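Quick one, what's the 3D model for this:
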Amino acid sequence: MTRWLDDEEQRIWRNFLATTQLVNERLDRQLQRDAGMPHTYYMILVALSEAEGRSMRMTDLAHRAQSSQSRLSHAVARLEERGWIRRAPCADDRRGNIAVLTEDGFAALAAAAPGHVEEVRQSLFDALTPAQLRALDEICTAVRSKTVGGSS
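Sure thing, here's the model as predicted:
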């Protein structure tokens, strides 16, 4: 039996969708304007910058970026064209590839980060009280832990 949303749940759901879309659009616009890259590329660069050796298997990177393999492959190809990432064969799996963040890619990330962080603050954090931020963290953690594949 379908558990339909009641009026309050429907209002909350639509508010959640509108809010997440608004924040994502603002972040994407800011990064496109100031750094010439979409938010997706920024998140790939961040994931690689935080990985050991600034490199990661493509399958792991796709999972971390919450992207399909084909979409990630396309993005990595664009980032390779810019000289920000290079691909290398995986030493322990001849079929696999590793994405490696280049020095130019790290520099592009470092240059983009201050504007991105400021936009995150303006788009989300500045609108919330400390108690609301803690509640948001608890909500996000609960949803991610319940959702299949919700690990970070």
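
For the strand ranked longest in the chain, name the packing helices and strands.
Selection of the longest strand in the chain by residue count, based on DSSP state E, yields strand 93-101. Using 3 or more Cβ pairs under 8 Å, 6 or more residues apart in numbering; DSSP states H and E, the elements in contact with strand 93-101 are helix 39-50, strand 55-57, helix 58-64, strand 85-90. Heads up, the C-betas are built off the backbone N, CA and C, glycines and all.

List the buried residues for the following helix or strand past that strand?
Downstream of strand 93-101, the next assigned helix or strand under DSSP states H and E is helix 103-123. For helix 103-123, the neighbour count (16 or more other Cβ atoms under 10 Å) marks 105, 108-109, 112, 116, 119, 123 as buried.

any low-confidence regions in the protein?
Scanning the chain for pLDDT under 70 picks out the ranges 148-152.

for it, longest helix please?
helix 7-35 (DSSP state H).

Helix 39-50 and that one, what's the angle between them?
80 degrees (axes from the mean of the first three to the mean of the last three Cα atoms, to 10 degrees).
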